[in-house]
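**Student:** structure for this input, please:
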Amino acid sequence: MNKYLILTLLCFVYALSFAQQNIDKEKLLELYQSQRYAEAASYLSSIYPAETSDIKALQQIAYCNMMAGKLVDAEKNYLKINELSPNQLPVLFNLANINSRRGNNKNAINYLNDIIKIDTNNFNAYKRLADYADSLNLKIKYLKKANTINPTEADVAYDLALSYRKLEVFAPAYVVLKTAIAADTANFVLQQTLLPIANSLKKYSEVTAIGEKLLSNDKNPKVMVDVAKAYFYLKNYKKAIAFYKEIEAMDMQNESTLYFSALCYRELAAYDLAAKYAKLTITEGISRNTSAYYNLLGSIYEQNNQFNPAIAAFKKALSYELNKNSYYRLALLYDLKLKQQKNAITNYQLYLKRKDLDKDDQPSIDYVKSRLDELTKKK
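**Tutor:** Below you'll find the predicted structure:
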């Protein structure tokens, strides 16, 4: 336990022992120091009657119950204190905290609102209310108020800037972060958060300057992405490509980084590489599940006896990924529904050539082979 907390507890112990002479203050202090809060709560409760109106005693019992995780008892204690002496901010905060820990966010919000009615400039209450906001605009409202009260507090500045960014409101986000960074110039989290926002505001030189310093401390791929993008817009394509290559070496590339790589190579007249990365961008931009989605669409059309749209959907699935399911469904459709023997044979054969067949497909494989035997005999 830190010295401040020990000193605070000592004050409470001596205040209690003054009010109640039969308290063993050494025992109580030892329970506090060893963080045996449940025992401390039981000990105090054994001395003070259940109907006590001694606020100092109730505060200590409530605190011990809360620290021991006995939230129901702690809430009862704090509610009694609130009845005896309403509108004490620490009591309301503790009630909000207890309700939050128990998942009763509605009650927690009510207690926090009670706090700001008493103290309209209570930073912590607005900060906590932002956590419970059910819309981005309401979250921003509370964070703005907290940030106005304390513009240098890093957590609120970070959350507010990210909230602004989600709304694509970049200028206020930039100001909020710059103010907080000025108060803590070594806060790398805030500086990293600033980079994409500064990029959106076309402050590219600032992005490269801050980003290079951050990268000298930690080769963070997210920072590299922002710095590379800034270098691209500064038309320093070779520098941008160097960062994109590092990102690729870390296997952290994505559709955006591949796209900008293609653009850089195009500007450098390295057209073969530009074409390569354009193709990689297209591949990366296609969901790995797209083929499965078209297969699903095809099966829906087929079940609704819409055979031509079904065939189109299965072929579309194959244009994204050559897979056994599409060939199998096409073969069955041509064979059993449309009686197109030649197309059925072609797709059955393509199905059997698939390398993604496994032991679970054996019943289907046996069926396809038997159908091929029948169909080829009819030719």
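**Student:** drop to CA atoms for contacts and neighbour counts, all remaining ones
**Tutor:** Noted.
**Student:** show residues contacting the helix or strand that contains V225.
**Tutor:** Assigned by DSSP states H and E, V225 belongs to helix 221-233. The contact list for helix 221-233, computed with Cα atoms under 8 Å, 6 or more residues apart in numbering, reads 192, 195-196, 199, 204-205, 207-208, 211-212, 214-215, 237, 239-241, 243-244, 247, 250, 252, 257, 260, 264.
**Student:** what's the answer for stretch 274-289, then?
**Tutor:** N254, E255, S256, L258, Y259, S261, A262, L263, C264, Y265, R266.
**Student:** before we move on, back to that, and after the helix holding V225, which helix or strand comes next?
**Tutor:** That would be, after helix 221-233 and using DSSP H and E, helix 237-249.
**Student:** next helix or strand past that next one?
**Tutor:** Toward the C-terminus from helix 237-249 - assigned by DSSP H and E - lies helix 255-267.
**Student:** buried ones in that next one, by neighbour count?
**Tutor:** E255, T257, L258, Y259, F260, S261, A262, L263, C264, Y265, R266 (16 or more other Cα atoms under 10 Å).
**Student:** do the same with stretch 23-43
**Tutor:** Within stretch 23-43, the residues scored as buried using 16+ other Cα under 10 Å are I23, K25, L28, L29, L31, Y32, Y37, A38, E39, A40, A41, Y43.
**Student:** coming back round to it: and the helix holding V225, how far from the chain's centre?
**Tutor:** Distance of helix 221-233 from the chain centroid (Cα atoms, centre = their mean, to the nearest Å) equals 22 Å.
**Student:** before we move on, what about stretch 211-228?
**Tutor:** So, by Cα atoms, centre = their mean, the centroid of stretch 211-228 is 21 Å from its chain's centroid.
**Student:** averaged pLDDT, it. What do you get?
**Tutor:** Mean per-residue pLDDT for stretch 211-228: 96.
**Student:** and that stretch, which residues are buried?
**Tutor:** So for stretch 211-228, counting by 16+ other Cα under 10 Å, buried means G211, E212, L214, P221, K222, V223, M224, V225, D226, V227, A228.
**Student:** how about residues contacting stretch 160-171?
**Tutor:** So stretch 160-171 is in contact with 136, 139-140, 143-144, 172-174, 176-177, 193, 197-198, 200-201, going by Cα under 8 Å, 6+ apart.
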